[in-house]
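1. Coordinates for the following, if possible.
(chains A, B and C)
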Amino acid sequence: MPVARRETCDGRVIAHVDMDCFYVQVEQRKQPCLRGLPTAVVQYNSYKGGGLIAVSYEARKCGVKRSMRGDEAKEACPEIQLVQVPVARGKANLNTYRNAGSEVVTILSRKGRCERASIDEVYLDLTDAAQTMLMETPPESMEHVEEEVIKSHVLGLQVKDGVDAKEEVRKWLCRSDASYQEKLLACGAFIVADLRMQVLKETEFTCSAGIAHNKMLAKLASAMNKPAQQTVVPHSSVEGLLESFPIKKMKQLGGKLGTSLQSDLGINTVGDLLQFSEEKLQQHYGINTGTWLWNIARGISGEEVEERLLPKSHGSGKTFPGPQALKTFASVQHWLNELSEELSERLDSDMDQNKRIAHTLTLHARAYKRGDLDSHKKFPSKSCPLRYGTTKIQEDALTLFHAGLRDFLGIFNSKTHSSENNNWGITALSVSASKIVPIPSGTHSIAKYFVERLPSGSSSNQPVDNVIDEVAPSSPSGENCWEVIPNEMQVEYLEEDPGMNHSNACLDQPDLLGNLSENVDGLTEESSLVAPPGNEDRVTQIESCRDIPAKEPRHASDAYSLKAVEKKKAAGKKPQGNCSITKFFNNYHSSQSSFEQKNVANAQGSPSASSSYLANNQVEMLPEEVDKNSIGCIPQRSQTWSYNIDEIDPSIIDELPPEIQDEFRTWLRPRKRPHVVKRGSNITQYFRPDK
DNA sequence: ACGGATCTGACT
DNA sequence: TAGTCAGAT
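-> The predicted model follows:
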């Protein structure tokens, strides 16, 4: 539905704050000797000096641009300082920038609703704060105005020659005869200047900002005077501002839609767009997009600032351009392991710091296929329920990859020359986690309960093992039972039955077995993914992808090894507990698939650890949704447990240790789903047939 | 098939 | 839901 039509000038005070060449600033803070020098941040300097991803303003003056190569940058600016992005697990690691971005967001969210728009940008809705300020300390009654405030740029403000611009700005900001809305904007300028000073003081980072009546205009304004400046857009200046503004520079019009506007309608500036009726635009681009275009031509944008300080998803990816394309399963598995490990680490941090849990794992890849007819087909993305724990994510990512590859190649192809190929290459891989929701009940009492009972010294983060010669354990301990416990609580868990570990539940699925087992067999024999470290298969694996550091895959996975599955199946059931919770689970599952039974068996070792996952997954949804959750997902039909919370006898809670009963109760009490307001689509109807 | 690594949002 | 596409930085 179209965004509700707003008056050209709604009463809001919106700011967009944009960090100046953020990555450069982060590096300069780390290395203060770089301050003031032409500097750029570069990743992967091996090929043509690496690609620039941030350029300081000094370097921009010498013509250095983002998306140049390091070599080109040196040419344009021989004195340039190139700083490399940190590398971990053979890929760029942006954590330092993410963390720095969080520092900034924390500060910028102090004065009003704050939406983290990217790693280095936020929108603020300062309407309330501005109104309050106008009532309590109106600018017109100030005897002194901060330097940072009067350094603002006010669009449309005429400054005659020889007149002090700052004094003009001060007068504009403090006018007593301004309209109410302009007074509010002026207050916004004060508030934003103050926030920017706080950011500078507390983080040493400078930023630029735009203050306007809506997000679109605020965003435009923040880019107009950089670095370290702010720009106010009074309503009266909007028309003049937009009239000659290049259409392609409008947010959302930088891509195909903007190009279509240019080539199909001859529109090059927002002013050009003004001449088209709403109906005409709708004819071309659909109702929503048409109306949206008509509105933005007039500086109207009703988008709300969403309250959100944290990202909605996490991803870890890497490209393997041209000659580096991955051509063996072993190399793909290696990189999936690395990417998964990073993702897992970030998910653990997110859980620790923000008490959130992600529910979906998605694999994306880019691939090419030589020869064949439909070689243009894209590698499909695949997703499945996300299971916490590095090895789990690694296994699931690999399974998703195989599912994607199978679709990509077509089932016929995969039957004939399924395994080690010489007709496909992977040019990009990424794993991402989404559907991140808060853990119900902030207390974490269950997790605490367990951590308090664990032997001291065994907890805390497992060190990231970067040991080159580490021998991959054939059966890393603890995975199954502790997967949902935050990092800080992961401990070495003495598994009575190692055979239960390293489960690859996917293979228990009959439908998948049918399709994959051939691949599995082929793989197992030809490429020896299950090969122990040190044998000759490993050598070929390393040779086949020279990008792989000489390091063992940490968890040499027995994924796809049917033997492993057999082992698991043979693994005896654990002694059944007496408590009725486990009885309940077992009874419930006696009628379910064998896969789910296996989870029950796992639960014996650590009932509430695993149960917590159950609750986390299910409590968010309404009872009638629970069933749906358990079906239809590749590769695993259900890797989480599916219990209808209505069917759980609340009295079982009484059998839990008292200190965790409350938390459990909140899980069993279904929560109301947050009502998600869907905003109108913007350009997304671009492909409508009526075009 | 070198603008990389991430992220969001809409639609089907 | 999973999967695709567009767009941004």
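2. doesn't residue A:91 make contact with residue A:339?
-> Yes - judged on Cβ atoms under 8 Å, residue A:339 makes contact with residue A:91 at a distance of 7.3 Å. In this view, the C-beta of every residue, glycine as well, is placed from N, C-alpha and C.
3. Would you mind telling me which of those two has more residues around it?
-> residue A:339 (25 against 20; other Cβ atoms under 10 Å).
4. so what are the domain limits for chain A?
-> With automatic domain parsing as the criterion, the domains of chain A are listed as A:18-96, A:314-451+A:465-648.
5. rank these by pLDDT, which is bottom?
-> Ranked by mean pLDDT, the domains of chain A bottom out at domain A:314-451+A:465-648, which scores a mean of 55.
6. who touches both of residue A:339 and residue A:91?
-> Residues touching both residue A:339 and residue A:91 (Cβ atoms under 8 Å, 6 or more residues apart in numbering): A:316, A:318.
7. what's the pLDDT at residue A:114?
-> Per-residue pLDDT puts residue A:114 at 96.
8. any idea which helix or strand carries it?
-> strand A:113-118 (DSSP states H and E).
9. What distance do you get for residue A:186 to residue A:406?
-> 61 Å (Cβ to Cβ, to the nearest Å).
10. which one of those two has more residues nearby?
-> residue A:186 (29 against 19).
11. Please identify which helix or strand holds that one.
-> helix A:180-203.
12. so what secondary structure elements neighbour that helix?
-> Counting contacts by 3 or more Cβ pairs under 8 Å, 6 or more residues apart in numbering; DSSP states H and E, helix A:180-203 is packed against strand A:14-19, helix A:95-108, helix A:127-136, helix A:147-150, helix A:165-173, strand A:207-212, strand A:230-232.
13. Can you pull the residues of the stretch 401-550 of chain A lying near DNA strand B?
-> A:425, A:427-428, A:430, A:432, A:434 (Cβ under 7 Å from any atom of the strand).
14. State the number of residues packed around the closest residue to residue A:134 other than its chain neighbours.
-> Spatial nearest neighbour of residue A:134, excluding adjacent residues (Cβ to Cβ, 6 or more residues apart in numbering): residue A:187 at 5.2 Å. Applying other Cβ under 10 Å, we find 25 residues neighbouring residue A:187.
15. Show the contacting residues for residue A:187.
-> Contacts of residue A:187 by Cβ under 8 Å, 6+ apart are A:13, A:126, A:129-131, A:133-134, A:138-139.
16. Check what pLDDT it gets.
-> pLDDT, residue A:187: 98.
17. Tell me the strands beside the strand or helix carrying residue A:384, with direction?
-> If you go by DSSP H and E, residue A:384 is part of strand A:382-385. If you go by DSSP bridges, strand A:382-385 pairs up with strand A:356-369 (antiparallel).
18. in the partner strand, what's buried?
-> For strand A:356-369, a neighbour-count test (16 or more other Cβ atoms under 10 Å) marks A:356-359, A:361-367, A:369 as buried.
19. what's across from the closest residue to residue A:346 other than its chain neighbours in the sheet?
-> Excluding its sequence neighbours, the residue lying closest to residue A:346 (Cβ to Cβ, 6+ apart) is residue A:314, at 4.9 Å. Beta-bridge partners for residue A:314, by DSSP bridges, are residue A:433.
20. Over to residue A:83?
-> residue A:41.
21. so who does it touch?
-> With Cβ under 8 Å, 6+ apart, residue A:83 has these contacts: A:24, A:27, A:31, A:34, A:39-42.
22. so which pair among these is furthest apart in space?
-> A:31 and A:42 (14.3 Å; Cβ to Cβ).
23. Looking at those two, which has the bigger crowd around it?
-> residue A:42 (22 against 13).
24. Run through who's touching the one helix or strand residue A:273 maps to.
-> Taking DSSP H and E as the criterion, residue A:273 maps to helix A:270-274. For helix A:270-274, the external contacting residues (Cβ under 8 Å, 6+ apart) are A:242-245, A:247, A:250, A:261, A:265-267, A:293, A:296-298.
25. again, only this time at 7 Å
-> A:242-245, A:247, A:250, A:267, A:293, A:297 (Cβ atoms under 7 Å, 6 or more residues apart in numbering).
26. likewise stretch A:219-238?
-> A:8-9, A:16-18, A:20, A:57, A:151-156, A:181-182, A:185, A:189, A:192-193, A:196, A:206, A:208-213, A:217, A:241, A:251, A:299.
27. Give me the buried positions along it.
-> A:219-222, A:225-226, A:228-235, A:237-238.
28. Good, we can wrap up now.
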